[in-house]
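A.B. asks: with the sequence up front, the predicted model follows.
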Amino acid sequence: MAPPGIALLTDFGLSDPFVGVMKGVLLARAPGVPVVDLTHGIAPQDVRQAAFALRQSTPHFPEGTLFVCVVDPGVGSDRRILWARGARHQYLAPDNGLLSWLAGERLRELRAVTNADLFLKPVSATFHGRDVFAPVAAALASGLDPKRLGPRVSTLARLPWPTPRRGRAAVRGVILAFDRFGNAVTNLTPGDLPRGARLRHRGADVGPLRSHYAAVPVGGLLALAGSSGFVELSVRDGDFSRRAGARTGDAVEALR
Amino acid sequence: MAPPGIALLTDFGLSDPFVGVMKGVLLARAPGVPVVDLTHGIAPQDVRQAAFALRQSTPHFPEGTLFVCVVDPGVGSDRRILWARGARHQYLAPDNGLLSWLAGERLRELRAVTNADLFLKPVSATFHGRDVFAPVAAALASGLDPKRLGPRVSTLARLPWPTPRRGRAAVRGVILAFDRFGNAVTNLTPGDLPRGARLRHRGADVGPLRSHYAAVPVGGLLALAGSSGFVELSVRDGDFSRRAGARTGDAVEALR
Amino acid sequence: MAPPGIALLTDFGLSDPFVGVMKGVLLARAPGVPVVDLTHGIAPQDVRQAAFALRQSTPHFPEGTLFVCVVDPGVGSDRRILWARGARHQYLAPDNGLLSWLAGERLRELRAVTNADLFLKPVSATFHGRDVFAPVAAALASGLDPKRLGPRVSTLARLPWPTPRRGRAAVRGVILAFDRFGNAVTNLTPGDLPRGARLRHRGADVGPLRSHYAAVPVGGLLALAGSSGFVELSVRDGDFSRRAGARTGDAVEALR
């Protein structure tokens, strides 16, 4: 079944015409198929950031959406390109861990994309987004049977999920990412926290879990259940990242 | 009547997948409705900048366009979300002043968006763009009667417009905003200026109103009637903001 | 014949609503015509960067695509706006050299866009993207006969192409541009290099032409045939621009 739309996730940024050129290929080969930019602002080569962005995004797209993910430091080497089908969506991505953290989506079918008839010619060494991913996505969107992509495979690269550590008095997590507002997204879910716990970061008390930003005064630190289901550390109407000098990987503790 | 398109205005930036996720919801619930990005580059929580960007943009969109505006420091609190209908367009926005400065558009119908049946579930504390604005926009785009959004209301939050001050020899305005090129947009219209007036900023003579950039030598300061109808201060082929060390709120005088 | 799509190339950035407003005009006047963002990240007024971005992009778009290019330091002056038709595509651009470097595309028909009936009124001094380019593009996309744009003209402004210099032992090129990853794009093609040549930049050996990034260790310098057909200097999983302190215009030598 052809996808109802194509969602693009890359580290290409928007200053260069890379994303525009991918869309040119899609417009030429699959006109009329909706194309949505999930984001192109993944930090260069940051596969973990891409995997996390994908995790929090896919549940909101229509069934069958094809996610085309190009964060690909191994481009041009013999790393595989995978097509994967889950219960709800389908994916094209390099086999580098990018598909590790899909939420509630068990991958049911994996194929190595090897059918060079589908690619632009010649295939460049550096821009498989244009030469491989876009034309393959266009072919799938035009109804290509996925069997024609290449052989089934049974394994894919996996990034380990950073599981919170439970101590006697505290649960310890880490900061996974920051958003544009400077909010720090952790690997802790509200269910991980001891009842009535307060959050701590670099020795500073961030308080208990609040229900919304305006629950503290302007400029106050707070913890919230963020929109991706994880606890976030924030400053009301401010930037936690800057205010707290926080970094990815920082420890965050939840103490009773 | 269903809108001919949806225009998105947010402070979400494009690095995170927030805008992409909103578009995923729209693609799932209102496929085929055109979605235009007005801008997602509003500075975080800067409702004034958003109100000004909206003012200069709406006249150029087709009649009936639904503007979905999410610059929303009060997200998750009890601030209202409004739907508003003007003579030409319709709007969804938090009730924080964002709709204060619409150009030539009297708002004729205001409703508080309270019908939770239209929202995603559960509604997060921090991302009403995804959980409220996008599904409500999709419903309107699919023909929902606005009466079903919630009750009519009669007032909305208003930001005061910074009116120029007229003295005996001069008119005094302020810098409202800068654009990407470093041009300073003021609150003065060409009609506000005394005949033959010269503009001044921080003691520097910016000269009289010019007809186009190339009316002064490269590197020269100039004043122009900008594209939004307000006087702008510029440097030919340069960046006024940087060159003049200018800031939002700076006084700008027009003297005969 | 109406174009199958419109591709936009500007230096407007995405922080201001300029691009969004152009799309509003297109949505109002040519609903249903696909609009693709090629890029809006051209540095302000950098016509050379725009010409180079256009060169590497057009071949991948469907036949007949209308490229609307607005990098226009002369806006509001008497510089001409041109419509051009090549063998495969068509273009709207200011007559400032932006169309100089189209790849494999001989321009067959040039017209000065002078028919003010097609423009928004009044035409502003600073935003012809909105007032001229967008409505003219919409008219062409709706089937306007290009003869109605204005008179045929026979010349256009040209930027000289920086041709590599061939010496006895070496070929000398320059860095034309950097991409988002910090890769330096030169004016040398693989065919320009002496057999087995090694590349040098500021005295540092970048090695011979490699087949892909992973051909050197992480952090290593390398030269590659880039996706636009030119030799690029890179750091594996790094940023050559930063690492080598490289600048546009830097000499790059290929020595046997």
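C.D. replies: Thanks, I have it.

A.B. asks: show the end-to-end separation of stretch A:85-93, please.
C.D. replies: Stretch A:85-93 has an end-to-end distance of 12 Å (criterion: Cα to Cα, to the nearest Å).

A.B. asks: got it, and stretch A:225-234?
C.D. replies: Note: stretch A:225-234 ends 11 Å apart using Cα to Cα.

A.B. asks: so where do the helices sit in the stretch 101-250 of chain A?
C.D. replies: With helices called from DSSP state H, counting those that start in this stretch, the stretch 101-250 of chain A shows them at A:128, A:134-141, A:240-243.

A.B. asks: residue contacts, A:L54?
C.D. replies: Counting by Cβ atoms under 8 Å, 6 or more residues apart in numbering or on different chains, A:L54 touches A:9, A:38, A:67, A:69, A:98-99, A:101-102. Placement of C-beta: from N, CA and C, glycine included.

A.B. asks: which strand or helix spans the closest residue to chain C within chain A?
C.D. replies: Distances between chain A and chain C by Cβ to the nearest Cβ are smallest at A:G76, namely 2.7 Å. Using DSSP states H and E, A:G76 falls within no helix or strand.

A.B. asks: got a list of what it touches?
C.D. replies: A:124-126, A:128, C:211-214.

A.B. asks: I only care about those that end up buried; give me the PyMOL line for that.
C.D. replies: Command for PyMOL, covering only those of those found buried under the criterion 16 or more other Cβ atoms under 10 Å in any protein chain shown:
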select buried, (chain A and resi 124+125+126+128) or (chain C and resi 212+213+214)
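
A.B. asks: dump the contacts of A:G76 to a markdown table, plus distance to chain B and pLDDT.
C.D. replies: Shown next, in a markdown table, are the contacts of A:G76 (distance: Cβ to the nearest Cβ, whole Å; pLDDT from 0 to 100):
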| residue | distance to chain B | pLDDT |
| --- | --- | --- |
| A:S124 | 26 | 93 |
| A:A125 | 27 | 89 |
| A:T126 | 23 | 91 |
| A:H128 | 21 | 97 |
| C:S211 | 32 | 90 |
| C:H212 | 28 | 90 |
| C:Y213 | 24 | 91 |
| C:A214 | 27 | 89 |
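
A.B. asks: in strands, which of the contacts of A:G76 fall?
C.D. replies: Nothing among the contacts of A:G76 maps onto strands, per DSSP state E.

A.B. asks: most widely separated two among the contacts of A:G76?
C.D. replies: Spatially, the most separated pair among these is A:S124 and C:A214, at 14.6 Å (Cβ to Cβ).

A.B. asks: up against chain B, what does the stretch 51-200 of chain A have?
C.D. replies: Neighbours of chain B within the stretch 51-200 of chain A, by Cβ under 8 Å from any Cβ of the partner chain: A:53, A:56-57, A:60-62, A:65, A:179-181, A:183.

A.B. asks: and if we set it to 6 Å?
C.D. replies: A:53, A:57, A:60-62, A:179-181 (Cβ under 6 Å from any Cβ of the partner chain).

A.B. asks: what's the burial count for A:A197?
C.D. replies: 21 (other Cβ atoms under 10 Å in any protein chain shown).

A.B. asks: my read: it touches A:R256, true?
C.D. replies: Yes: using Cβ atoms under 6 Å, A:A197 is in contact with A:R256, at 5.4 Å.

A.B. asks: sorry, back to before: in TSV: the contacts of A:G76, plus distance to B:T189.
C.D. replies: As requested, these are arranged in TSV below (distance: Cβ to Cβ, whole Å):
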residue	distance to B:T189
A:S124	52
A:A125	55
A:T126	50
A:H128	52
C:S211	61
C:H212	58
C:Y213	54
C:A214	59
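
A.B. asks: residues touching the closest residue to A:A134 other than its chain neighbours, list them.
C.D. replies: Nearest in space to A:A134, with sequence neighbours left out and distances taken as Cβ to Cβ, 6 or more residues apart in numbering or on different chains, is A:V25 at 3.8 Å. A:V25 makes contacts with A:134-135, C:60, as judged by Cβ atoms under 6 Å, 6 or more residues apart in numbering or on different chains.

A.B. asks: at 7 Å instead, please
C.D. replies: By Cβ atoms under 7 Å, 6 or more residues apart in numbering or on different chains, A:V25 lies in contact with A:130, A:134-135, A:138, C:60.

A.B. asks: do A:L120 as well
C.D. replies: A:L120 sits in contact with A:130-131, A:135, where contact means Cβ under 7 Å, 6+ apart.

A.B. asks: what do you get for A:V171?
C.D. replies: Applying Cβ under 7 Å, 6+ apart, the residues contacting A:V171 are A:164, A:188, A:192-194, A:254.

A.B. asks: A:D72 now?
C.D. replies: A:94, A:128.

A.B. asks: same question, A:L92
C.D. replies: Taking Cβ under 7 Å, 6+ apart, one finds A:66, A:68-69, A:81, A:83, A:113, A:133, A:136-137 in contact with A:L92.

A.B. asks: what is the most widely separated pair among the residues you listed?
C.D. replies: A:L66 and A:I81 (13.6 Å).

A.B. asks: within range of chain C, give me the residues from chain A.
C.D. replies: By the rule Cβ under 7 Å from any Cβ of the partner chain, the part of chain A lying against chain C is A:12-17, A:20-21, A:23-25, A:27-28, A:31, A:44-45, A:73-77, A:124-127, A:130.

A.B. asks: same thing but at 6 Å, please
C.D. replies: So chain A meets chain C at A:13-17, A:20-21, A:23-25, A:27-28, A:44-45, A:73-74, A:76-77, A:124-127 (Cβ under 6 Å from any Cβ).

A.B. asks: for the contacts of A:V25, pick the one with the most neighbours.
C.D. replies: A:A134 (31 neighbours).

A.B. asks: tell me the pLDDT at that one?
C.D. replies: Looking at A:A134, its pLDDT reads 98.

A.B. asks: A:V252 now?
C.D. replies: The predicted local confidence for A:V252 is 97.

A.B. asks: are we agreed that it is in a strand?
C.D. replies: Yes: membership of A:V252 in a strand is supported by DSSP: H, G, I helix; E, B strand; the rest coil.

A.B. asks: what about it, neighbour count?
C.D. replies: A:V252 has 24 neighbours, counted by other Cβ under 10 Å.

A.B. asks: over to the one 3 residues further on?
C.D. replies: Counted with other Cβ under 10 Å, the burial measure for A:L255 works out to 16 neighbours.

A.B. asks: ditto for A:N115
C.D. replies: Using other Cβ under 10 Å, A:N115 has 16 neighbouring residues.

A.B. asks: what pLDDT does it get?
C.D. replies: A:N115 is given a pLDDT of 98.

A.B. asks: enumerate every residue touching it.
C.D. replies: A:N115 sits in contact with A:148-150, where contact means Cβ under 6 Å, 6+ apart.

A.B. asks: including pLDDT and neighbour count, could those residues go into TSV?
C.D. replies: Below are the contacts of A:N115 laid out as TSV (pLDDT from 0 to 100; neighbours: other Cβ atoms under 10 Å in any protein chain shown):
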residue	pLDDT	neighbour count
A:R148	98	12
A:L149	98	21
A:G150	98	19
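
A.B. asks: so A:V47 sits right up against A:L98, yeah?
C.D. replies: Yes: using Cβ under 6 Å, A:V47 makes contact with A:L98 at a distance of 5.5 Å.

A.B. asks: of the two, give the one with the bigger neighbour count.
C.D. replies: The neighbour count for A:V47 versus A:L98, taken as other Cβ under 10 Å, is higher for A:L98 (28 against 22).

A.B. asks: surely that one and A:V70 touch.
C.D. replies: No: A:L98 is beyond contact range of A:V70, at 9.0 Å (criterion: Cβ under 6 Å).

A.B. asks: anything in stretch A:223-233 near chain B?
C.D. replies: Yes: contact of stretch A:223-233 with chain B (Cβ under 6 Å from any Cβ) involves A:224, A:226-227.

A.B. asks: closest one to chain B out of these, please.
C.D. replies: A:S227 (3.4 Å).

A.B. asks: neighbours of the closest one, how many?
C.D. replies: 23.

A.B. asks: distance of the nearest residue to it once chain neighbours are set aside relative to C:D250?
C.D. replies: Distances taken as Cβ to Cβ, 6+ apart place B:F127 nearest to A:S227, at 3.4 Å, with adjacent residues excluded. Using Cβ to Cβ, to the nearest Å, B:F127 is found at 45 Å from C:D250.
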